[in-house]
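Trainee: pasting the structure only:
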C-alpha cells in the first residue's frame, strides 16, 4: 500500500475489504479469520504512516440477523 500511495493525490483514499470472521471465529475457518485480522491490523499501521494526506478505510461485510 505504501508504494501505491505514492501515486495518489493528497486527500486520497485506499479501501480494503475484510470480513466479520476477523472478529468472530468459526470452527474450520482459521485461515480466513487470520487474513481478515491481518488486513485490519495492516490498515491501522499504514493509516498512521500515511495520515493526514491519505485515508485508509476497511469495509467489513457480514451477515444480518
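Mentor: Done, it's in. Just so it is clear, the structure is predicted and the values come from calculations on it, not from any experiment. Residues are numbered from 1 along each chain as shown.
Trainee: where along the chain do the helices fall?
Mentor: With helices called from DSSP state H, the chain shows them at 2-5, 30-50.
Trainee: let me see the contact set for residue 56.
Mentor: Shown here is residue 56, whose contacts under the criterion C-beta atoms under 8 Å, 6 or more residues apart in numbering are 1, 13, 14, 16, 43, 44, 46, 47, 50. Bear in mind the C-beta positions are built from the backbone N, C-alpha and C, glycine included.
Trainee: residue ranges in the chain under the pLDDT threshold?
Mentor: When residues are selected by pLDDT under 70, those of the chain lie in 2.
Trainee: re the thing from before, just the helices of the chain: most buried one?
Mentor: Stretch with highest mean neighbour count among those: helix 30-50 (a mean of 14; mean count of other C-beta atoms under 10 Å).
Trainee: can you name every helix or strand that that helix contacts?
Mentor: Counting contacts by 3 or more C-beta pairs under 8 Å, 6 or more residues apart in numbering; DSSP states H and E, helix 30-50 packs against helix 2-5, strand 12-17, strand 54-59.
Trainee: reformat these as CSV; add distance to residue 38.
Mentor: Converted to CSV, the helices and strands packed on helix 30-50 look like this (distance: least, C-beta to C-beta, whole Å):
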stretch, distance to residue 38
helix 2-5, 16
strand 12-17, 11
strand 54-59, 11
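Trainee: ok, now which ones touch the residue nearest to residue 60 when sequence neighbours are not counted?
Mentor: Of all residues not flanking residue 60 in the chain, residue 18 sits nearest, at 4.5 Å (C-beta to C-beta, 6 or more residues apart in numbering). By C-beta under 8 Å, 6+ apart, residue 18 lies in contact with 36, 39, 40, 58, 59, 60.
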